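Colleague: I would like to see how this sequence folds:
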Amino acid sequence: MQSITTDIAHALILIIPFHGFFLSIWFFFKSGWSLTPNFFLGLLIFVFSSLSLFQIIYPEDRYTAFLVSHYSLLYELLISPFLFLYNAIMIRPGVPMRIYLHLTIIALIFLLFFLGRSISVPIFILIASLFFIINGLYLAGSVRLLADLIKRTYFGWKYSGISEYSGIIVFNCLVACTFIISTLFYLVLPVNTLYLVQVPKALVIYYTYYRILNRADFTN
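Modeller: Below you'll find the predicted structure:
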């Protein structure tokens, strides 16, 4: 009975990343595959969902288990570069992003991530430190961009109800919650955290659905 219940829960939790994949493909097509805000939001959701799927499918992987017990935050930090790119194009649309430079750095980040699956723990600690620094800088950059948005001379808290601004802020807060809540789950509840860490990820995906539906016009 326990096995059947676990299998059902596992199947249900898979709905989250697959909804994310559907959402990201929708954004890709909506962007026309050009480097628009919709494209970067689709890319962010796609990576977010891919990481969630990886986390669900390989819960007992040696590398993942090592991250869970020692460096769980590193796994969640993989989303940082994509959050930065999304914030950059949304908050500073006229400023060049040097996209190819960022894509090169992102490729290095994922190389470091997958190298950890085949090396010894001491070397992994060194690579993990570099991994943390790069992703941490991207996360700090995202926070700085969000702070700039809030502190702009023409943007005070009285304007926080504007749909575009509030959407960016709430989305960033939800993504930040995935870092905080997932890490707390790993530290406080080391057993059966597979399903719990998907809760904040589900909030990000379904909040995006809510934003789309909220803008939709069903009168025609």
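
Colleague: in what element of secondary structure is residue 207 found?
Modeller: In the assignment (DSSP states H and E), residue 207 maps to helix 198-215.

Colleague: how about the helices of this protein, start to end?
Modeller: Ranges of helices in the chain, per DSSP state H, are 2-13, 15-31, 37-57, 62-70, 72-77, 80-91, 99-115, 121-151, 163-188, 193-196, 198-215.

Colleague: low-confidence ranges, this protein, go.
Modeller: 1-11, 58-74, 95-96, 116-121, 152-163, 183, 185-196, 216-220 (pLDDT under 70).

Colleague: who touches stretch 78-96?
Modeller: Contact with stretch 78-96 is made by 35-37, 40-41, 43-44, 47-48, 51, 97, 99, 102, 105-106, 109-110, 113, 135-136, 138-139, 141-142, 145-146, 148-149, 168, 172, 175, 178, as judged by CB atoms under 8 Å, 6 or more residues apart in numbering. Every residue, glycine included, has its C-beta placed from N, CA and C.

Colleague: show me what counts as buried in that stretch.
Modeller: Buried residues in stretch 78-96, counted by 16 or more other CB atoms under 10 Å: 78-91.

Colleague: cool, and stretch 169-179?
Modeller: 171, 172, 174, 175, 176, 178, 179.

Colleague: just to revisit the earlier point, which residues does the helix holding residue 207 contact?
Modeller: Taking CB under 8 Å, 6+ apart as the rule, helix 198-215 contacts 13, 16-17, 19-20, 23, 41, 45, 48-49, 52, 55-56, 163, 167, 170-171, 174-175, 177-178, 181-182.

Colleague: winner for burial among the helices of the chain?
Modeller: helix 80-91 (a mean of 23; mean count of other CB atoms under 10 Å).

Colleague: angle of that one against helix 163-188?
Modeller: 160 degrees (axes from the mean of the first three to the mean of the last three CA atoms, to 10 degrees).

Colleague: just give me how far helix 80-91 sits from the chain centre.
Modeller: In terms of CA atoms, centre = their mean, to the nearest Å, the centre of helix 80-91 is set 11 Å apart from its chain centre.

Colleague: can I get that helix in CSV? Just the C-alpha atoms.
Modeller: Extracted in CSV, the C-alpha atoms of helix 80-91 (Å, rounded to 0.1, in the frame of the first residue of the first chain):
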residue,chain,number,x,y,z
SER,A,80,20.0,32.3,-11.1
PRO,A,81,21.5,33.2,-14.5
PHE,A,82,18.1,32.9,-16.2
LEU,A,83,16.4,35.0,-13.6
PHE,A,84,19.1,37.6,-14.1
LEU,A,85,18.5,37.6,-17.9
TYR,A,86,14.8,37.9,-17.5
ASN,A,87,15.1,40.8,-15.0
ALA,A,88,17.7,42.6,-17.2
ILE,A,89,15.5,42.6,-20.3
MET,A,90,12.3,43.5,-18.3
ILE,A,91,13.8,46.2,-16.1
